[in-house]
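In: okay, predicted coordinates and the sequence, questions at the end:
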Amino acid sequence: MYCPKCGSEVDDDAKYCSTCGNDFSSNTQNQNIQTEKTSQNKRSPVITIIAVIGVLFAMVFVAAVCVSCASHSQAEDQIEEAGLLVESSAGRLSCLENLDYKNADLVTVHSEMAAARVEISEAYDIIDNIDHDSLRDDEIDQVYALKIMLDVCLDCVDLVDTDLCDLVVNCGKLEEDKGDRNAMKSDYQSIINNYESMLKKTDTINNKLDLIDVSQLPPSQKADIASLKCTFEGMHDSLSSQKNELESLVQKL
């Protein structure tokens, strides 16, 4: 080999240069230090890249958590808003509870039903736009209960728009046919049929409400369900009582 300092040829295992006295062990140490520095410099970009990736993952995680929280908060607001609409529409239906159906003021009743139908439609739209993936189990139960309540409210509005209208029309025919015994019997039977149809539908509505498990629902929603049940049970009692009265009249004709 050759001396790195003076260039003189020396033995491969020599520790010193015989010409200039250069210490080869010192050169080897410097080379090792330089090699170590080079290795550290090579590792430094790798560590930096790993650190950057870690920071990016942390930022993505935090952003995902923030989005999830915002989505859940929005869902809570939507459930509350839909619940208020259900409560309002259920309140409008309460006018049917003790109604004298054959003498009903259809203008007033239809006005309430039209307003209820609008609220029901709005509540359906809100529920359809809820991010269900962000809901807790108890909130999923709340949404399920809201859907059933909306279904029964809509069923009731449809009942009024069809069966009640038919009943009132048939009652008008009865007034026109006074004095004609056979025609009156026919009119009475049509009215009784209207009552029976409405009774069946109120039974179906009540059965739907019974599907709701109220154990996990908040107090406000339990109260709304109880109010609806009271309305439909009252409707059933009134319809049944008025139907029985008509059947008694028919028997006397």
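Out: In hand now; what should we look at?
In: buried residues in the helix or strand encompassing residue 225?
Out: Here residue 225 sits within helix 219-252, counting by DSSP states H and E. In terms of neighbour count (16 or more other C-beta atoms under 10 Å), helix 219-252 has its buried residues at 221, 224-225, 227-229, 231-232, 234-236, 238-239, 242-243, 246. Every residue, glycine included, has its C-beta placed from N, CA and C.
In: residue 165 contacts residue 109, correct?
Out: No - at 9.5 Å, residue 165 does not count as touching residue 109 under the criterion of C-beta atoms under 8 Å.
In: which one of these two is surrounded by more residues?
Out: Using other C-beta atoms under 10 Å as the criterion, residue 165 and residue 109 rank with residue 109 on top: 20 against 16.
In: name the element the more buried one belongs to?
Out: helix 106-128.
In: C-alpha coordinates for that helix, PDB please?
Out: This file holds the C-alpha atoms of helix 106-128, laid out as PDB (Å, rounded to 0.1, in the frame of the first residue of the first chain):
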ATOM      1  CA  LEU A 106    -115.000  18.800   7.100                       C
ATOM      2  CA  VAL A 107    -113.600  22.200   6.400                       C
ATOM      3  CA  THR A 108    -112.100  22.400   9.900                       C
ATOM      4  CA  VAL A 109    -111.000  18.800  10.000                       C
ATOM      5  CA  HIS A 110    -109.400  18.900   6.500                       C
ATOM      6  CA  SER A 111    -107.500  22.100   7.400                       C
ATOM      7  CA  GLU A 112    -105.900  20.300  10.400                       C
ATOM      8  CA  MET A 113    -105.200  17.200   8.300                       C
ATOM      9  CA  ALA A 114    -103.600  19.300   5.500                       C
ATOM     10  CA  ALA A 115    -101.300  21.000   8.000                       C
ATOM     11  CA  ALA A 116    -100.500  17.600   9.500                       C
ATOM     12  CA  ARG A 117     -99.600  16.100   6.100                       C
ATOM     13  CA  VAL A 118     -97.100  18.900   5.500                       C
ATOM     14  CA  GLU A 119     -95.400  18.400   8.800                       C
ATOM     15  CA  ILE A 120     -95.300  14.600   8.300                       C
ATOM     16  CA  SER A 121     -93.700  15.100   4.800                       C
ATOM     17  CA  GLU A 122     -91.100  17.400   6.300                       C
ATOM     18  CA  ALA A 123     -90.300  15.000   9.100                       C
ATOM     19  CA  TYR A 124     -89.900  12.100   6.600                       C
ATOM     20  CA  ASP A 125     -87.400  14.200   4.600                       C
ATOM     21  CA  ILE A 126     -85.400  15.000   7.700                       C
ATOM     22  CA  ILE A 127     -85.200  11.300   8.700                       C
ATOM     23  CA  ASP A 128     -84.200  10.300   5.200                       C
END
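In: distance between that helix and the chain's centre?
Out: 19 Å (C-alpha atoms, centre = their mean, to the nearest Å).
In: what residues does it touch?
Out: 78, 81-82, 85-86, 88-89, 92-93, 95-96, 99, 143, 146-147, 150, 153-154, 157, 160-161, 164-165, 168 (C-beta atoms under 8 Å, 6 or more residues apart in numbering).
In: that's all I had, so thanks and see you.
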